[in-house]
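Colleague: Here is my input, please return the structure:
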Amino acid sequence: MFCPLFGIVLVDYFLIRRGVIDLEDLYKREGKYWFSKGINPLAIIAWAIGFGIYLGFSPMLMEKVLQVKAAFPWPLGSSLPSMILQV
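Modeller: Take a look at the predicted model:
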């Protein structure tokens with residue numbers, strides 16, 4: 001759950017905002033970081049896609065917990081694919 005979230009934070013800070021954040025506007029209601037009532041719907045959609053990718057690349061979770069054969073068995077884990085494919 002946290003790897004896709006970290007991917008969103010990295011993309012937002014380094015690629016979209018180019019490492020610049022207006023700290024005063026960060027805490028303002030209706031400021032440029034407010035989005036839709038304090039929730040960024042695009043970030044939630046990106047997180048859900050990243051979490052789905054994470055689950056798809058997680059053979060232990062898929063096979064042991066959900067009793068489903070993993071669609072994409074990946075020997076290196078599921079954290080990196082969920083962060084990279086999210087971008």
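
Colleague: Alpha carbons only: can I get stretch 19-32 in PDB?
Modeller: Below are the C-alpha coordinates for stretch 19-32, written out as PDB (Å, rounded to 0.1, in the frame of the first residue of the first chain):
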ATOM      1  CA  GLY A  19      11.100  20.400  -6.000                       C
ATOM      2  CA  VAL A  20       9.300  23.700  -5.100                       C
ATOM      3  CA  ILE A  21       6.400  23.800  -2.600                       C
ATOM      4  CA  ASP A  22       4.800  27.000  -1.300                       C
ATOM      5  CA  LEU A  23       4.600  26.200   2.400                       C
ATOM      6  CA  GLU A  24       2.100  28.900   3.200                       C
ATOM      7  CA  ASP A  25      -0.300  27.800   0.500                       C
ATOM      8  CA  LEU A  26       0.100  24.100   1.700                       C
ATOM      9  CA  TYR A  27      -2.000  24.700   4.700                       C
ATOM     10  CA  LYS A  28      -4.600  27.200   3.200                       C
ATOM     11  CA  ARG A  29      -8.100  26.000   2.700                       C
ATOM     12  CA  GLU A  30      -8.900  26.500  -1.000                       C
ATOM     13  CA  GLY A  31      -5.200  27.000  -1.800                       C
ATOM     14  CA  LYS A  32      -3.500  25.500  -4.800                       C
END
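
Colleague: Pull the distance from it to the chain's centre.
Modeller: 21 Å (Cα atoms, centre = their mean, to the nearest Å).

Colleague: do stretch 43-50 as well
Modeller: Averaged over its C-alpha atoms, stretch 43-50 has a centre that lies 5 Å from its chain's centre (Cα atoms, centre = their mean).

Colleague: what do you get for stretch 11-26?
Modeller: 17 Å.
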